[in-house]
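> Need coordinates for the below:
(chains A and B)
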Amino acid sequence: MPDHQRSDEQPQYLLTLFITGSSPRADLAIANLRHVCEGELCGEYDLEIVDVLEHPERAEEAKILATPTLIKRLPPPLRRVVGDLSDKDKLLVGLELHAARKAANKPTEK
Amino acid sequence: MTDVVKRSPVKKVSTGIPSFDIIAKGGLPEGRTTLLSGTAGSGKTVFAVQFLAAGLLEADQHGVFVTFEESADDIRDNMRSFGWDLDEWERDGRLAMVDASPDPETEMVESGAFDLSALLARVEYAVKKVNAKRVSVDSLGAIFSQFSDQSIVRRELFRIAWALKRMGVTALLTAERTLDYGPIARFGVEEFIADNVMVLRNVLEEESRRRTIEILKFRGTDHQKGEFPVTIVPDLGLVVIPLSGIQLKQKSSNIRVSSGNPELDQMCGGGFFRDSVILVSGATGTGKTLTVTQFMKGAADMGERCLLLAFEESRDQLFRNATGWGVDFEKMESDGLLRVVCDYPEVATLEDWLLTIEGMIKEFKPQRVALDSLSAMERVGTIKAFREFVIGLTSFIKHQEITGLFTATTASLMGGSSITEGHISTLTDSIILLRYVEMFGEMQRGLTVLKMRGSTHDKGIHAFTIDEHGMHLGPRFRNVTGIMAGNPDYVSPLDLEREWTKYDSQLDARSDPNQERRTSGSDRRRSSL
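Residues are numbered from 1 along each chain as shown, chains lettered A, B, ... in the order given. The predicted structure is shown next:
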């Protein structure tokens, strides 16, 4: 199982998700992210959700333009994923899980 | 509004850009969004920062600067050369920066739909934080390049523009365009976002750069039409050269000043008017620089200061020539009555020259300014730029209520007119022509006052000689016609007698025609007044 193989070198993921208020798009982004994190990261992650309407200074500090924006702080390098995260492949690219999963999946799938 | 409709319901705020407020008839419309579009290097960012600086420094209106293109630090550094300390204003809580520039170090992936609410929240937060009344956004195009989904960016920009209006701030949005004469802005939507549209241009014309600004539309309020020349100078920022803005508002003075030559004063009906501009036109060697030198001397004799801008001769030459005509420039200078500036016109553009000259006049505060010669300035720029330079300088001089004397060189030795003359003769109040007159195998010089706005003057063409005391006006050429046309023709005394009797008796029945012919200017004038 991919989950099992990766869990050994699994680093702690530190994620911040910037959203605007409680909008359907924000809810969708949170749901999409949680789904991937639970599946791919086995829950080994730390997610903070920031509402830019309540904390505009946090958005300023992180130079956020668009919402939702996901920032992967750890492991390095810093990555940003913009959008409601409905494109799972792109999200995996952003989290740098895509290459790892591909490599892991190759022997089993083909 | 329940009241009677006011003449101008749209209030305007000053931009701090010298003379821009004149062409914008007050400044940028308050509480609205204005788009400023321009090609690379046309001065958009300078305008955007200057607008905020004016708010801070002159109107006590705080500002927010949103940058999409350059990083906030770059802006802070670059604007220091104009004397704008953004850091200080930020520390004082008068300015807030919203840095929305792309971060080249962070990779970004798009996954699904998004909006720019975070940006809007940051702008709103910054506006609230410093209680801003002005917002500059520089520049819209750069945000398109940060996201691949352009339709979202388009929609979001409309939302931001709308939000800016809702906040009640006066907003300046810049946008880049690829051509100086083409679509207003690169993405084709920028102009619809804003209420008002202005264009900055930076055109290469005959090997020289020419910056202009044009207001395309101001919704519901008036502005001047057409392109106005602009220049960017350290310490000041963007400066608009006003053309029509102030031109016809000058006061008119009846005070006369001496030309430095009593005979010429007499021909002009008692001297030049104090706030007039005089053009002296003639071929090389006819005595233009002499006229200038006398004009300077006339000022010094009255204890007035004068500024001499010489673009044709070196300082040494000028001083030596003056000495040859009995005028001591050295002494005038050491008395603080004269300042001589000698330079090649090519060292700066005409727009910069205009500002430099204005600066010198403001600082030295002369009562007289002479420029020798305008024809030399003509070489520097295009015809259009030259005309604007003359208009700008003429109106500035008149506003200062000083006397200006310009010279222009005619191309042909005999008669003819110069290109310079054609462009500026209507702008000057008086025109003096200096001409060579060929008579019986000898070159003589002639002078005539062609135009003297607001006064009668001697219409005769007078012969003059030059010696170590300067210019000496003699009698008029009585038996020659066609001097001004450049082909003098000898007329027999009998024909002449007949002609003059006819005209003089019509002109003034009281005076004796013979008497009239013998005397010159002053008497003629007295009799006709």
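> C-alpha only now, for contacts and for neighbours.
OK.
> what pairs with the strand or helix carrying A:Phe18, and is each one parallel or antiparallel?
Using DSSP states H and E, A:Phe18 sits in strand A:13-19. Looking at strand A:13-19 with DSSP bridges, its partner strands are strand A:45-51 (parallel), strand A:69-74 (antiparallel).
> Give the other helices and strands that the helix or strand just after the shortest one contacts.
Think strand A:69-74. Going down the chain from strand A:69-74, the next helix or strand is strand A:79-82, by DSSP H and E. For strand A:79-82, the elements it packs on are strand A:69-74, helix A:88-94, strand B:107-110, judged by 3 or more Cα pairs under 8 Å, 6 or more residues apart in numbering or on different chains; DSSP states H and E.
> hmm, the shortest one in reach of chain A?
Right, the one you point to is strand B:107-110. Yes: counting by Cα under 8 Å from any Cα of the partner chain, chain A has neighbours in strand B:107-110: B:Glu107, B:Met108, B:Val109, B:Glu110.
> Surely the third one touches A:Val82?
Yes: if you go by Cα atoms under 8 Å, B:Val109 and A:Val82 touch, sitting 6.1 Å apart.
> Just say helix, strand or coil for the one residue sitting closest to the centre of chain B.
Nearest to the mean C-alpha position of chain B, by Cα atoms, centre = their mean, lies B:Gly392 at 2.4 Å. Recorded secondary structure, B:Gly392: helix (DSSP: H, G, I helix; E, B strand; the rest coil).
> And it, how far from B:Glu70?
35 Å (Cα to Cα, to the nearest Å).
> where in the chain is pLDDT low?
Just going to use chain A. Within chain A, the segments meeting pLDDT under 70 span A:1-11, A:98-110.
> I was after chain B.
B:1-8, B:242-252, B:412-423, B:485-486, B:493, B:496, B:498-529.
> OK, contacts around residue 31?
Chain wasn't specified; assuming chain A. Contact analysis of A:Ala31 by Cα atoms under 8 Å, 6 or more residues apart in numbering or on different chains lists nothing.
> oops, I was thinking of chain B
B:Gly31 touches B:Lys165, B:Gly168, B:Val169, B:Thr170, B:Ala171, counting by Cα under 8 Å, 6+ apart.
> Looking at those residues, state which has the most neighbours.
B:Ala171 (30 neighbours; other Cα atoms under 10 Å in any protein chain shown).
> That one contacts B:Thr34, correct?
Yes: with contact defined as Cα under 8 Å, B:Ala171 reaches B:Thr34; the gap is 6.1 Å.
> Distance check, B:Arg201 against chain A.
The spacing between B:Arg201 and chain A, counted by Cα to the nearest Cα, to the nearest Å, is 30 Å.
> In three-state terms, how would that residue be classified?
strand.
> Next, count neighbours for it.
27.
> Okay, and the beta partners of it?
B:Thr212.
> what does B:His472 give?
B:Thr465.
> Go through the strands paired with strand A:13-19 and name the closest to B:Arg154.
Closest approach to B:Arg154 among the strands paired with strand A:13-19 is made by strand A:69-74 (18.7 Å; Cα to Cα).
> Next, the buried residues of the closest one.
Buried residues in strand A:69-74, counted by 16 or more other Cα atoms under 10 Å in any protein chain shown: A:Thr69, A:Leu70, A:Ile71, A:Lys72, A:Leu74.
> what does chain B have sitting close to chain A?
So far as Cα under 8 Å from any Cα goes, chain B lies against chain A at B:98-100, B:106-122, B:125.
> Buried ones from the residues you listed, can you make that a ChimeraX selection?
Here is the ChimeraX selection string for the buried members of the residues of chain B next to chain A, based on 16+ other Cα under 10 Å:
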select /B:98,99,100,108,109,110,111,112,113,114,115,116,117,118,119,120,121,122,125
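> In strands, which of the residues of chain B next to chain A fall?
Counting by DSSP state E, the residues of chain B next to chain A place B:Val98, B:Asp99, B:Glu107, B:Met108, B:Val109, B:Glu110 in strands.
> Hmm, A:Val82 and the fourth one touching each other?
Yes: applying Cα under 8 Å, one finds B:Met108 in contact with A:Val82, separated by 7.1 Å.
> quick one: which of the strands paired with strand A:13-19 is nearest B:Pro183?
Between these, strand A:69-74 lies closest to B:Pro183; by Cα to Cα that is 33.5 Å.
> And for the closest one, what's in contact with it?
In contact with strand A:69-74 (Cα under 8 Å, 6+ apart) are residues A:12-19, A:78-83, A:94-95.
> Done for today, thanks.
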